[in-house]
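A.B. asks: need a 3D model of the sequence below.
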Amino acid sequence: MRILFTTSAWAGHYFPMVPLGWAMQSYGHEVRVLCTPTGARYVQSSGLMPVPVLNDHDNPLFWPRLWYLERVKRGLALDNGLMPLHPVTGERMTSLDEFDWPAYKKQHPDEAKSYETKMWRTLIFVKTWEPDLVIHDLMSTEGPFAATLHGVPSVLHLWGPVGTDEPDEALRIVPEYDTGILGKLGVEASGADLIKYVIDPCPVSLAPPTKARRLPMRYVPYNGPGEAPQWVHDEPLRRRILVVWGHTLSRFGDDSFLVPEILKALSDVDADVKLAINPKEVPLLGGEVPKNVEVLEQFPIHLLLPHCDAVVHHGGAGTVMSAVVAGVPQLALPYETEQHANGVRVAQSGAGLQMLGKDADVTSIRSSVLALLNDPSFKAAALKLQAELADRPSPAELVPELERIAREGEPPARVDWNSVDPSLFTAATAAGRYYAKAVWAR
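C.D. replies: Okay, here's the model as predicted:
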């Protein structure tokens with residue numbers, strides 16, 4: 001069979017799907033990953049085959065910042081104490097009126113249509129390669145869009161505890177941007193209504209809410225390429241704390257970089273502290289770090305976690321789920337709605353603590369970490385989550401079920417392509433328009 005993965009531009013959204021891609025490949029299926037040219041390096045380094053036909057943006061942070069700004073305006077964003085960054089300049093805004101999206105769309109029509117361009121390029125590739133199954137992440141809405149029009153099943157691969165039927169509107173993040181393309185083509189369903197199957201990688205206690213058919217699967221951590229030095233396999237001589245900070249800066253700015261405060265809070269704790277950090281953010285540490293801290297740049301955290309006693313992080317799903325796999329108590333310090341939900345749900349299970357990043361200081365961080373280290377209930381709850389997850393089917397064990405779904409197929413959308421308004425295709429490249437029409441006419 002031909003299996004197509006579609007992924008958004010963020011590596012953290014792609015990484016959770018990698019073990020399933022390996023499993024599909026090992027079963028003899030042909031696997032492709034639709035991505036942007038920038039994202040192709042993440043796919044290549046994971047051992048899967050990228051198809052970098054999606055359009056990169058001149059300013060790759062424009063859309064994430066716009067998405068966050070619009071959610072703030074609608075009252076759907078976490079109150080993190082920070083004004084949004086300007087989508088274009090990246091400067092801290094002083095007023096929400098500084099950027100007018102409707103006016104910007106009129107002045108920059110090509111940028112405004114870039115999301116539609118991605119949708120059409122996906123459809124062109126799907127019509128050309130003819131996959132039997134499309135697997136996509138929460139933010140990659142072009143996956144179910146193309147699958148619906150082509151008449152093949154699509155499956156959503158969740159990356160953590162946030163699902164597709166959240167009671168809180170702030171956690172409903174499907175679709176990414178609703179351009180109304182499907183409606184123009186006569187397809188009534190859109191967004192979450194297109195999702196019929198959901199791969200749930202969480203333990204039972206963290207099961208994400210969904211109305212779709214749930215496909216349980218064990219989360220297998222993949223945190224990017226790296227090396228495994230000898231010391232990661234050795235039992236540490238004293239307690240070890242891992243600090244991980246994800247890509248909060250791109251959306252929330254330097255004020256969301258809590259690592260210096262975290263390291264200061266842990267500087268006099270009797271433990272070795274390992275800091276896993278993006279190399280670009282090392283200068284923000286401000287010089288020397290405490291003596292009990294070792295800085296590890298771009299280090300796969302799943303190598304470290306089995307010998308850690310606690311982990312402090314920003315609430316990202318990849319770190320949360322990797323810690324669950326290892327049975328490690330967690331402290332989440334989020335700045336974003338989904339990250340906050342991840343931290344809250346782990347805390348509700350008893351396996352960790354959480355507080356808003358804006359409320360965290362040296363004293364509160366230190367006391368929270370000491371609680372994780374000294375109160376055995378947190379470790380017991382973390383081990384319970386670990387055991388629940390271990391009972392889930394592995395990615396390889398899920399493959400036969402996905403094969404059955406692919407064989408069942410889906411009826412294609414009832415679209416008369418010859419009657420479609422040609423203006424709908426203006427977002428695609430000129431070559432793509434003519435090629436798409438030739439393919440659809442077959």
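
A.B. asks: which stretches of the stretch 1-150 of the chain have low pLDDT?
C.D. replies: 58, 111-112 (pLDDT under 70).

A.B. asks: residue ranges for the helices of it, please.
C.D. replies: In the stretch 1-150 of the chain, helices defined by DSSP state H, counting those that start in this stretch lie at 11-14, 18-26, 40-45, 62-73, 101-107, 109-112, 114-129, 142-150, listed in chain order.

A.B. asks: what's the closest of those to residue 396?
C.D. replies: Among the helices of the stretch 1-150 of the chain, the nearest to residue 396 by Cβ to Cβ is helix 18-26 (4.3 Å). No exception for glycine: its C-beta is placed from N, CA and C like everyone else's.

A.B. asks: contacts for that closest one?
C.D. replies: With contact meaning Cβ atoms under 8 Å, 6 or more residues apart in numbering, helix 18-26 is reached by 3, 5, 31, 33, 46-48, 135, 157, 199, 217, 220, 222, 394-396, 398-399, 402.

A.B. asks: switch to 7 Å and redo it
C.D. replies: Here helix 18-26 makes contact (Cβ atoms under 7 Å, 6 or more residues apart in numbering) with 3, 5, 31, 33, 46-48, 157, 220, 222, 395-396, 399.

A.B. asks: in TSV, list these along with distance to residue 113 and neighbour count.
C.D. replies: Below are these laid out as TSV (distance: Cβ to Cβ, whole Å; neighbours: other Cβ atoms under 10 Å):
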residue	distance to residue 113	neighbour count
3	29	24
5	25	30
31	30	22
33	24	25
46	30	21
47	34	12
48	29	20
157	27	25
220	37	20
222	34	19
395	36	23
396	41	17
399	37	19
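
A.B. asks: just to revisit the earlier point, so which of the helices of the stretch 1-150 of the chain is the most packed in?
C.D. replies: Stretch with highest mean neighbour count among these: helix 142-150 (a mean of 26; mean count of other Cβ atoms under 10 Å).

A.B. asks: now for that one, which elements pack on it?
C.D. replies: helix 114-129, strand 133-136, strand 154-157 (3 or more Cβ pairs under 7 Å, 6 or more residues apart in numbering; DSSP states H and E).

A.B. asks: rewinding a little: would you list the contacts of helix 18-26 in CSV and tack on distance to residue 131?
C.D. replies: Output for the contacts of helix 18-26, formatted as CSV (distance: Cβ to Cβ, whole Å):
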residue, distance to residue 131
3, 6
5, 9
31, 9
33, 11
46, 19
47, 19
48, 14
157, 15
220, 23
222, 22
395, 18
396, 20
399, 15
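
A.B. asks: wait, which of the helices of the stretch 1-150 of the chain is closest to residue 230?
C.D. replies: Across these, closest to residue 230 is helix 40-45 (Cβ to Cβ), at 22.9 Å.

A.B. asks: what does the closest one contact?
C.D. replies: 11, 14, 33, 35, 50, 52, 224, 225.

A.B. asks: in contact with the third one, which residues?
C.D. replies: So the one you mean is residue 33. Each residue near residue 33 by Cβ under 7 Å, 6+ apart is listed here: 5, 7, 21, 43, 48, 49, 50, 51.

A.B. asks: let me know whether the last one touches residue 126 as I believe.
C.D. replies: By that I understand residue 51. No. With contacts defined as Cβ atoms under 7 Å, residue 51 does not count as touching residue 126, sitting 10.5 Å away.

A.B. asks: overlap in contacts of the two?
C.D. replies: Common neighbours of residue 51 and residue 126 (Cβ under 7 Å, 6+ apart) do not exist.

A.B. asks: of the contacts of residue 33, which belong to strands?
C.D. replies: Counting by DSSP state E, the contacts of residue 33 place 5, 50, 51 in strands.

A.B. asks: for the first one, give the beta-bridge partners.
C.D. replies: It stands for residue 5. residue 33, residue 135 (DSSP bridges).

A.B. asks: how about residue 227, secondary structure?
C.D. replies: Secondary structure assignment for residue 227 (DSSP: H, G, I helix; E, B strand; the rest coil): coil.

A.B. asks: the nearest residue to residue 172 once chain neighbours are set aside: neighbouring residues, count only.
C.D. replies: In space, residue 172 comes closest to residue 166 once its chain neighbours are excluded; the distance is 5.5 Å by Cβ to Cβ, 6 or more residues apart in numbering. By the measure other Cβ atoms under 10 Å, the count of residues near residue 166 is 18.

A.B. asks: pLDDT wise, what is residue 166 at?
C.D. replies: If you check residue 166, the pLDDT there is 90.

A.B. asks: residue 422 too?
C.D. replies: So residue 422 comes in at 60 (pLDDT).

A.B. asks: ramachandran coordinates for the residue nearest to residue 266 when sequence neighbours are not counted?
C.D. replies: Nearest residue to residue 266 in three dimensions, chain neighbours excluded: residue 273, at 5.1 Å (Cβ to Cβ, 6+ apart). Main-chain dihedrals, residue 273, degrees, to the nearest 10: phi -110, psi 120.

A.B. asks: before we move on, what about residue 193?
C.D. replies: Recorded main-chain torsions at residue 193 are phi -70, psi -20, according to degrees, to the nearest 10.

A.B. asks: who's in contact with it?
C.D. replies: So residue 193 contacts nothing (Cβ under 7 Å, 6+ apart).

A.B. asks: any idea how far it is from residue 4?
C.D. replies: As for residue 193, its distance to residue 4 is 21 Å (criterion: Cβ to Cβ, to the nearest Å).

A.B. asks: equivalent analysis for residue 395, please.
C.D. replies: Residue 395 is 17 Å from residue 4, by Cβ to Cβ.

A.B. asks: try residue 313
C.D. replies: As for residue 313, its distance to residue 4 is 31 Å (criterion: Cβ to Cβ).
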